[in-house]
Every structure is written in structure tokens, then in C-alpha cells.
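here's a sequence, model it:
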Amino acid sequence: MGAGHHHDHTHGANKKTLVISFIIITVFMIVEVIGGILTNSLALLADAGHMLSDSISLLIALIAFILGERAANHAKTYGYKRFEILAAILNGVTLLAVSLFIFYEAIQRLVDPPEVASTGMLVIASIGLAVNILVAFTMLRGGDTKDNLNMRAAFLHVLGDLLGSVGAIAAALLMIFFHWTWADTAASVLVAMLILISGWRVTKDSVHILMEGAPLNVDLNDVVKTIERIEGIRGIHDLHVWSITSGQNALSCHIIVDGNMMVEESQALLRAVEEELREKEIGHVTIQVETDTHPHKDSILCHAEYDIDAGHGHSH
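The predicted model follows:
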């Protein structure tokens, strides 16, 4: 119950944070687009384009949290929590697309460099930096940007914007004091590289969850050893650990017990396993109890039995 209550509280805090961040980002994005056009600055337009993707990503993340609250039903037995991961992967891909577009525009600028109103660019970029710092602080303080992948993807969009504003300010100062007209393009390329890295990481982590990969915060060998240490368990096989969504890990496995164990004893054993796994950040546990005479090795499905000493599994 404690874990579920904490998740609900965090979920609500994430939604509130996204609403505030969405409003701030969207309003300034409009200002920055106008400023980028008037000053003819690629760094500003790149930052404005990224802010547009931020605005969209924050909205998508917010919708994902709202849809994720829908109750489980016969068609979606785990509910709609995976919408958060779908939103994260969409935002990750958007980050990749934005970075590639900035690279393309930068190449065009190198071929035909335009005049840039550096003073106006400096003013708008400075305001943009203040706005991005405010939004980033709001998300860090009010949202779960560490463990929730959907929230982290949205935060990385904003962080990329913040770096974009820093780059635009640096470029404007270089053009004002040293007349380095290429600084605008260089700043946009640097920001694009940072966005590309962030987008790749978010996309990779999202795909990992969609592919039912083991949660990054769960040590599989440690989980196996924890279960094996419980008195009465003779072995474990068919172990699967995955994430339903960020912060909600699930596990299923078969445990082997003494054939003479009473029903009451096996129930107590299951409760002990669940308690131990809850400490390992695994809240959804499904365990099939088998005796040591159960012919699990002859099953049609491929099972993995875990050798604790070796630290790895082998298939039959």
C-alpha cells in the first residue's frame, strides 16, 4: 500500500509540474519564434524550434499521465500505464529529429551566412535562459525526473532548451565583441549535438522497457540470491523481471519447494518472497510454486535455471 500511495502522490505532482511548465514554455516559445525571425538568428530559431518540440512533448507527457490513470479492464489488464513509455519514446524521437534539422540548417548557414541582429538576439536569449531555468527548477523540485522515464524525457527537452539559450547568449556576445559571425552557427551545432545525445538515451531506455528488458534499477542476480536465501525454497527457474512503466516493476517465476510442504506453509513462503522483493523495488509479483518432483525440465517452453554461484542462467 505504501508504494502505491507514493506512486499516486508522485503521479499527481508530475501532472501539476507539467501543466505549469507547459504554460511557461508555450508562452515564451511564441516570443522566441518572433524574436528569431526579427533578428535572423539560427541559434534563436533553433532554440525556438526546440521549445516548440518542448511544448508538444510536455503536452504529450501530460496526456500520457492522464490516460495512464484509467483503470485496468478486460482488454488492458495492466491498465494504461504504458502510455507514459510511448510518450517518452515519441519525445526521444522528436529530440533526434530536432537535432538533425538544426544540423541541416547549420550547413545551409555555412554556405550562405546571413546578417544576424546580435543585440536583439542577446536580449531574447537572456530572457529565454531565465525562463528555462525557472521551468527546469520547477520540474526538478516538483516532478520525478530521475525514475519516471516520461518525466525525464520532458525534462531533457527543457534542459536542451536551457543549453540552447546559453549557446545563443555566447554566440551573441562573440558577434558583438569579436564580430565572429560564425558563432551563431557554431552555437546551434553544439546545442544540436547535446540534444542528439539526450534524444538517443531517452529513446534507448524507452525501447528497453517496451522490449520487456530487465529494469535498470534491479540487479537480477541479487533478486535470485534473495529468493534462494529464503528458507524452504530449493530452486528457482523461469524468472522474468520487467517494467510495466517507470517505477512499476513486475516479476514472475517458478519456485521449487519440498513436496511435503503444507498449503499454509507455501502461502507463508510466498508472502516472505513478496516482502523481500518489495525491498528490491518490485511491486507486482507472480510466483508459481512447484515441488522438486515437478517435471519442469521437460516442458515445451524454454526455461532458465539460475546457478547462484556462477551468477548466470542456462537453458534446457
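
now find how far off-centre stretch 48-68 is within its chain.
13 Å (C-alpha atoms, centre = their mean, to the nearest Å).

buried residues in that stretch?
Neighbour-count burial for stretch 48-68 flags 48-62, 64-65, 67-68 (criterion: 16 or more other C-beta atoms under 10 Å). C-beta coordinates here come from the backbone N, C-alpha and C atoms, glycine included.

what's the answer for stretch 211-223, then?
Buried residues in stretch 211-223 (16+ other C-beta under 10 Å): 214-215, 218, 220, 223.

ends of that stretch, what's the gap?
By C-alpha to C-alpha, to the nearest Å, the extent of stretch 211-223 from end to end equals 20 Å.

and it, average pLDDT?
Mean pLDDT, stretch 211-223: 87.

one more: stretch 128-148?
82.

next: stretch 93-113.
Averaging pLDDT along stretch 93-113 yields 83.

what pLDDT is listed against Ala3?
Reported pLDDT for Ala3: 45.

who does the helix ranked longest in the chain touch, helix- and strand-wise?
The single longest helix within the chain, with elements called by DSSP state H, is helix 2-39. The helices and strands touching helix 2-39, judged by 3 or more C-beta pairs under 8 Å, 6 or more residues apart in numbering; DSSP states H and E, are helix 42-68, helix 118-142, helix 149-178.

the shortest one to helix 2-39, inter-axis angle?
Read that as helix 118-142. 170 degrees (axes from the mean of the first three to the mean of the last three C-alpha atoms, to 10 degrees).

in helix 118-142, what counts as buried?
118, 120-122, 124-125, 128-129, 131-132, 134-136, 138-139, 142.

quick check, Phe103 in a helix?
Yes: per DSSP: H, G, I helix; E, B strand; the rest coil, Phe103 lies within a helix segment.

what is the burial count for it?
By the other C-beta atoms under 10 Å criterion, the neighbourhood of Phe103 contains 16 residues.

which residues does it contact?
Residues near Phe103 by C-beta atoms under 8 Å, 6 or more residues apart in numbering: 189, 192.

mind redoing it with 6 Å?
Neighbour list for Phe103: Ala192 [criterion: C-beta atoms under 6 Å, 6 or more residues apart in numbering].

before we move on, what about Leu44?
Leu44 touches 35-36, 121, 168, counting by C-beta under 6 Å, 6+ apart.

quick one: which of those is nearest Thr17?
Thr17 lies nearest to Ala168 out of the contacts of Leu44, by C-beta to C-beta, at 25.4 Å.
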